[in-house]
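[1] prediction below, plus the sequence it came from.
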Amino acid sequence: MTTQHLVWDLPIRLFHWGFVGLLIALWYTSDQDNGLIELHMQLGYIALALVLFRIIWGFIGTTHAKFKNFIPSFYQLRIYIRQRNNNVKQYAGHNPMGSLMVLLMLLLILLQSISGLFMSDDVFSAGPYAGVLSGDMEGMVKFFHHNGFDFIVIISAIHIAAVFYYLLVKRQNLIKPMLSGKKHSQQIEADQAIGHSKLIKALLTAIAVGIFVYWLVVLNAPVVEEFYY
C-alpha cells in the first residue's frame, strides 16, 4: 500500500491557487475602458498582502515553504539541468528551476503591487501615494507598472509550460500535490514530510499582514495637496 506524505501546507496551496485567480482578475480589471479600475486597485492591495504573506511564510512557514530550504546553489542547478529524462530526481518541494521561478514571480508581483500604490490616471482614480514622487521617478514607476504585468504573464506562461512538460515528458504530476498537499512514498521519503500546516501561525500572520496593508493604504496614505489656478 502506497503511503502519502504531506509536503505542501494549506496556506501555500491557498496562496498558489488564489493567486492564479487574482492575476486573471487583475488582468481583466486593468482595462480602464471597462470601468473596473477601482476594483483593480483594491485587488492590487490584496495582491500586495498575499505576496507579503508569502515572503514572511518563507521564513516562518513549514519546511518546503521556507526559502532556506529551496533556494538552489549553482551546483544544484547544474546537476538538475544535466539530468536525463529517464533518471529524474524527485524533489519533495520545489525543484531548482521551480525555486528560481517562485523567487522571480514574488519579486515581480511585489514590485508591481508597490508601483500600483503610486499610480494615477489623472482623472478619476489614484493610488494612495499618487503624487508624492518627483516627475522623473513617477514616470519610471508608471512605466514599470504599465509594462511589468507583461513580464508576469510571460513568467506565468513559462511556469504552466514547465508543469505540462513535467507531466507529459518527465511523467511527474506537479499539479496534484499542489491540490492535495501530498506526495506518494514512492516519490519522497517519510522524513521529508511535514507534520501539519501551522494554521494558527498562518492565521496570525495573515491578520498581521492585513493590518499592515490597511495601515499602509488607508491610515498612512499622505494627503497630497492640489493647487488649481
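    That came in fine, so what should we check first?
[2] helices or strands next to the helix or strand hosting residue 142 in the packing?
    Following DSSP states H and E, one finds residue 142 within helix 135-168. With contacts defined as 3 or more CB pairs under 8 Å, 6 or more residues apart in numbering; DSSP states H and E, helix 135-168 has these neighbours: helix 10-29, helix 96-116. For every residue, glycine as well, the C-beta is placed using N, CA and C.
[3] switch the cut-off to 10 Å
    Counting contacts by 3 or more CB pairs under 10 Å, 6 or more residues apart in numbering; DSSP states H and E, the secondary-structure elements packed against helix 135-168 are helix 10-29, helix 96-116, helix 175-180.
[4] which is the next helix or strand following the host helix or strand of residue 52?
    In this structure, residue 52 sits in helix 37-60 according to DSSP H and E. For helix 37-60, the following helix or strand on the C-terminal side (DSSP H and E) is helix 74-81.
[5] now the angle from that following helix to helix 96-116?
    Relative orientation of helix 74-81 and helix 96-116, computed by axes from the mean of the first three to the mean of the last three CA atoms, to 10 degrees: 110 degrees.
[6] and helix 74-81, how far out from the chain middle?
    With CA atoms, centre = their mean, to the nearest Å as the basis, the distance from the averaged C-alpha position of helix 74-81 to the chain average is 24 Å.
[7] what residues does that helix touch?
    70, 72, 73, 88, 89, 91, 95, 96, 97, 98, 99, 100 (CB atoms under 10 Å, 6 or more residues apart in numbering).
[8] out of those residues, the closest to residue 174 would be?
    Minimum distance to residue 174 across the contacts of helix 74-81 is 7.9 Å, recorded for residue 98 (CB to CB).
[9] could you measure from the closest residue to that closest one other than its chain neighbours over to residue 137?
    With sequence-adjacent residues excluded and distances taken as CB to CB, 6 or more residues apart in numbering, residue 98 is closest to residue 162, at 7.4 Å. Distance of residue 162 to residue 137, computed by CB to CB, to the nearest Å: 36 Å.
[10] the more surrounded of these two?
    residue 162 (16 against 11; other CB atoms under 10 Å).
[11] and the pLDDT for the more buried one?
    Here the pLDDT value assigned to residue 162 is 90.
[12] start at 411 instead
    Fine by me, first position is 411 from now on; the one you just mentioned is residue 572.
[13] who's in contact with it?
    Applying CB under 10 Å, 6+ apart to residue 572 gives the contacts 505, 507, 508, 511, 580, 584.
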